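A.B. asks: what would the 3D arrangement of this be:
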Amino acid sequence: MNLEALGAGMEILGAFEMYAAPGLMLGRVALAQRDQYRIYTDVGEYPAEASGALWYRTPSRAGMPVVGDWVAARLVGEQAIVEALLPRRTCFSRRAAGGRDRVGGGREEEQPIAANIDLAFLVCGLDGDFNLRRLERYLILTAESGARPVVVLNKADVCQDLASRLENAAAVAPGVPILTASTRAAPGIEALTAFLAPGRTVALLGSSGVGKSTLVNCIIGKERLRTSEVRQSDSRGRHTTTHRELVPLTQGGALIDTPGMRELQLWAGQDSVDRTFGEISTIAAQCRFRDCSHAGEQGCAVQAALREGAISEDRWRSYLKLAAEARRHEQLADPLAAQETKRKLKQMHRALKEHYKERR
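C.D. replies: Okay, the predicted model is just below:
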């Protein structure tokens, strides 16, 4: 396997130098299922598992290898032992379903989906499960990850109003490339393949049934990944893909196929929300008061934009919901920030009590 074609540039090779001891080799995680991996190396593809020392040094499961990670590994017979994880350039993560990290003392737990990706194909199906609010979540998490987003409107051959869908997608993803694709008829997948290149890693992300695995199969030219039909009633798909997998491309580069994610809780901060809702952030900067809450203050540019229709009510409600979710994440992920917020709330409540006492 040519690791350079798979993305091992000067940055990765430089990071590996400190691990280039006798017996250690550079590898990239191609498959991750619980604690078992498959990695690509210069001398072949091997099943792998993490060393006890790596488990001991890693404070949380989020720091263990995921698909796309670069690792330092040691060959023991026909098995590779992962000794170290190289720094991630990018990482697409969500908040783990089901709550908090017990080891982390009740803090939120990160669930990395794919690491070291350059582009994120955000795949949306046009056969009935088109959801702009879900797309906004993917855009926020992509902004947080450090990768560049590309919106892929798949199954364009079955869409009765493609122009309207394109317009709707452009409204929530300003400045983001928006492609249409179909694996059964025009426009095909040519627009997607133009984004592939040697050394570049592209992750396909989206809910079940949008056609991610089918797109991968069409791009590589063979039925490598299992697919299935969606339900006719609601265009929802079953979880055909049950694991994340990195697929090398013959021309260089790689695709990462991921299972559908219906629960997509934010692992992102306010900055990523503001970047995704750039038009709202720009207008909010024009408010008369810097600490404007946009709830009716005099000189509020956001409220003026809402009245004039420059910001839609749906977009504004979505921004408020996601901004609140991001603030909650920041507080739970940072105990010191949570304590500071709690302290300020106590001060406010104490001041209100004193105020009402004086009025009696």
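A.B. asks: ok, the residue minimising distance to the centre of the chain - contacts?
C.D. replies: Geometric centre of the chain, nearest residue: Phe92, 3.6 Å, by CA atoms, centre = their mean. By CB atoms under 8 Å, 6 or more residues apart in numbering, the contact set of Phe92 is Pro112, Ile113, Ala114, Ala115, Ile117, Ala120, Leu141, Thr142, Ser145, Ala147, Ala203, Leu205. All C-beta spots, glycine's among them, are computed from the backbone N, C-alpha and C.
A.B. asks: 6 Å - rerun?
C.D. replies: Each residue near Phe92 by CB atoms under 6 Å, 6 or more residues apart in numbering is listed here: Ile113, Ala114, Ser145.
A.B. asks: neighbour-wise, which of the residues you listed leads?
C.D. replies: Ala114 (30 neighbours; other CB atoms under 10 Å).
A.B. asks: hmm, Asp69 and that one touching each other?
C.D. replies: No. Taking CB atoms under 6 Å as the definition, Ala114 is not a contact partner of Asp69, at 8.9 Å.
A.B. asks: ok so, going back, let me know the closest of the contacts of Phe92 to Glu263.
C.D. replies: Ile113 (12.4 Å; CB to CB).
A.B. asks: for this protein, name the helix or strand with the lowest mean pLDDT.
C.D. replies: helix 335-359 (a mean of 58; mean pLDDT, DSSP states H and E).
A.B. asks: would CSV of the contacts of Phe92 with distance to Leu31 be doable?
C.D. replies: Shown next, in CSV, are these (distance: CB to CB, whole Å):
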residue, distance to Leu31
Ile113, 14
Ala114, 12
Ser145, 20
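A.B. asks: and stretch 251-258, what's buried?
C.D. replies: Neighbour-count burial for stretch 251-258, counted by 16 or more other CB atoms under 10 Å, picks out Gly252, Gly253, Ala254, Leu255, Ile256, Asp257, Thr258.
A.B. asks: quick check: bridge partners of Glu49?
C.D. replies: Judged by DSSP bridges, the bridge partners of Glu49 are Gln36, Ile81.
A.B. asks: count of residues packed around it?
C.D. replies: Counted with other CB under 10 Å, the neighbours of Glu49 add up to 16.
A.B. asks: any idea how far Glu313 is from it?
C.D. replies: Distance, Glu49 to Glu313, using CB to CB, to the nearest Å: 52 Å.
A.B. asks: so what touches stretch 173-191?
C.D. replies: Stretch 173-191 has contacts (CB under 6 Å, 6+ apart) with 139, 149-154, 156-157, 169-170, 192, 214, 218.
A.B. asks: just the mean pLDDT for that stretch, thanks.
C.D. replies: For stretch 173-191, mean pLDDT rounds to 92.
A.B. asks: that stretch spans what distance, first to last residue?
C.D. replies: Chord length of stretch 173-191, first to last residue, is 18 Å (CA to CA, to the nearest Å).
A.B. asks: let's number from 42 now, not from 1
C.D. replies: Got it, first residue is 42 now, which makes that one stretch 214-232.
A.B. asks: buried residues, it. List them.
C.D. replies: Per 16+ other CB under 10 Å, stretch 214-232 contains these buried residues: Ala214, Val217, Ile219, Leu220, Thr221, Ala222, Ser223, Thr224, Gly229, Ile230.
A.B. asks: can I get those in a markdown table with secondary structure and distance to Cys328?
C.D. replies: Converted to a markdown table, the buried residues of stretch 214-232 look like this (DSSP: H, G, I helix; E, B strand; the rest coil; distance: CB to CB, whole Å):
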| residue | secondary structure | distance to Cys328 |
| --- | --- | --- |
| Ala214 | coil | 25 |
| Val217 | coil | 26 |
| Ile219 | strand | 30 |
| Leu220 | strand | 36 |
| Thr221 | strand | 37 |
| Ala222 | coil | 40 |
| Ser223 | coil | 44 |
| Thr224 | coil | 47 |
| Gly229 | coil | 46 |
| Ile230 | coil | 44 |
